[in-house]
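1. how would this look folded up:
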Amino acid sequence: MGFFSFTKSKKESLDKGLEKTKESVFSKLSRAVIGKTKVDEEVLDSLEEILISSDVGVNTTLKIIDRIEKRVARDKYVGTSELNGILRSEIAALLAENNSDEVADFDLPKTDTPYVILVVGVNGVGKTTTIGKLAHQFKAAGKSVILGAADTFRAAAIDQLQIWADRVGVPIVRQQMGSDPASVAYDTLLSAKATNADVVIIDTAGRLHNKINLMNELSKVKKVMQKVFPNAPDEVLLVLDGSTGQNAFEQAKQFTLATEVTALALTKLDGTAKGGVVIGISDQFKIPVKYIGIGEGLDDLQLFHRTEFVDSLFK
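-> A predicted model of the protein is given here:
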């Protein structure tokens, strides 16, 4: 992996992107501790409500509250002025446990074959936009990228990916609407093999049909890709809309049941106060959050860096 530098501009973008969540959490937290000097049962009840309303999720919230209770019991006396720091450290610890494979930058492992990313997710979550921004980031890192338009269910999906390919300046493999997605994936990998591409990003159908159909379709795509590169895909990236809160949990549940998801991308965090969903999904599904979307710009898809994320929420 290349050297990672979380630049000042990236940090400022992250701070701005998480502003709504931060303001929501802190305004509620401030009200909860007014007139209180120590962290007691009433304060913890209020904190529990705040975390759940920020879409951290019930199970993860209870885990965080339990950690804080144990800390209060151990330290005997914990003032409300310390609560912010404690909450920050416990959430950072939780993310560290569930994101052990944190990625430093947009560099990739050295392999003899292209790094193949299969992208899944429902319509409307920002899947195609995420693919376009990923292509931009990899190209900026000096990688040759090729896109595969295997979401053949909608003509609009193919056209949208074409627009992104043109914007970023990378080739795309596409067929007509209604074509076999596995055929598109196969052709994409053949093209990548012929051109010695570094990265292949393949879009898939963005509809949450029943689990069996979804499983069968993704299994077929994988099987066909492995005829070209036996280890493909190297990554199955599930894109979720962070602004949908608990609905993102349900989508994660359905897709993890249907296929082996290896990484997550949480989009649209800049337009919501539900940024806590990143913490909950990471904890509940034990899948690394790899990317977060914090704005409309090409560079506003960032690698998830837990230390900086928590710092932006609780500084």
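
2. Thr80 versus Pro57, what's the distance?
-> Wrong residue type there; residue 57 is Gly, not Pro. 24 Å (C-beta to C-beta, to the nearest Å). C-betas here are computed from N, CA, C, even on glycine.

3. any low-confidence regions in the stretch 151-300 of the chain?
-> Applying pLDDT under 70 to the stretch 151-300 of the chain flags the ranges 208-210.

4. helices of that one, start to end?
-> Along the stretch 151-300 of the chain, the segments classed as helices by DSSP state H, counting those that start in this stretch run 155-168, 181-195, 211-225, 246-258, 277-285.

5. state the mean pLDDT of stretch 79-95.
-> Mean pLDDT, stretch 79-95: 82.

6. how about that stretch: buried residues?
-> Thr80, Leu83, Asn84, Ile86, Leu87, Glu90, Ile91, Ala92, Leu94, Leu95 (16 or more other C-beta atoms under 10 Å).

7. contacting residues around the fifth one?
-> If I follow you right, that is Leu87. Residues in contact with Leu87 (C-beta atoms under 8 Å, 6 or more residues apart in numbering) are Leu47, Ile64, Ile68, Phe314.

8. pretty sure the last one is touching Ser89, no?
-> No - contact between Phe314 and Ser89 fails when scored by C-beta atoms under 8 Å: they sit 9.1 Å apart.

9. leaving out chain neighbours, which residue sits closest to Leu266?
-> Gly242 (4.3 Å; C-beta to C-beta, 6 or more residues apart in numbering).

10. could you list every residue that touches the one you found?
-> Gly242 makes contact with Ala248, Leu266, Thr267, Lys268, Leu269, Thr272, Lys274, Gly275, Val277, Val278, Ile292, Gly293, according to C-beta under 8 Å, 6+ apart.

11. same check, this time on Glu42
-> Residues near Glu42 by C-beta under 8 Å, 6+ apart: Lys36.

12. look at it and report its pLDDT.
-> 87.

13. sec struct for it, please.
-> Using DSSP: H, G, I helix; E, B strand; the rest coil, the structure places Glu42 in helix.

14. I'd like the distance between it and Ser30.
-> 15 Å.

15. could you do Asp107 as well?
-> Taken as C-beta to C-beta, the span from Asp107 to Ser30 is 41 Å.

16. do Asp75 as well
-> 22 Å.

17. next: Val72.
-> Distance from Val72 to Ser30, by C-beta to C-beta: 19 Å.

18. who's more crowded, the two?
-> Set Val72 next to Ser30 and count neighbours by other C-beta atoms under 10 Å: Val72 wins out with 20 against 11.

19. contacting residues for Val125?
-> Val125 touches Gly206, Val239, Leu240, Asp241, Thr244, Gln251, Thr267, counting by C-beta under 8 Å, 6+ apart.

20. want to try a markdown table for these, with neighbour count and distance to Ala155 as columns?
-> Output for those, formatted as a markdown table (neighbours: other C-beta atoms under 10 Å; distance: C-beta to C-beta, whole Å):
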| residue | neighbour count | distance to Ala155 |
| --- | --- | --- |
| Gly206 | 19 | 13 |
| Val239 | 28 | 20 |
| Leu240 | 29 | 24 |
| Asp241 | 24 | 22 |
| Thr244 | 20 | 25 |
| Gln251 | 21 | 24 |
| Thr267 | 26 | 23 |
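
21. tell me which two in those are the farthest apart.
-> Gly206 and Thr244 (14.1 Å; C-beta to C-beta).

22. let's see the lengthiest helix in the chain as CSV, backbone CA atoms only.
-> Under DSSP state H, the helix in the chain containing the largest number of residues is helix 58-75. C-alpha atoms of helix 58-75 as CSV (Å, rounded to 0.1, in the frame of the first residue of the first chain):
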residue,chain,number,x,y,z
VAL,A,58,-30.5,-0.5,19.0
ASN,A,59,-28.0,-3.3,19.4
THR,A,60,-24.9,-1.1,18.8
THR,A,61,-26.3,1.6,21.0
LEU,A,62,-26.8,-0.9,23.9
LYS,A,63,-23.2,-2.1,23.4
ILE,A,64,-21.9,1.5,23.6
ILE,A,65,-24.0,2.3,26.7
ASP,A,66,-22.8,-0.9,28.4
ARG,A,67,-19.2,0.1,27.8
ILE,A,68,-19.8,3.5,29.3
GLU,A,69,-21.6,2.0,32.3
LYS,A,70,-18.6,-0.2,33.0
ARG,A,71,-16.3,2.7,32.7
VAL,A,72,-18.4,4.8,35.1
ALA,A,73,-18.4,1.9,37.6
ARG,A,74,-14.7,1.5,37.3
ASP,A,75,-13.8,5.2,37.6
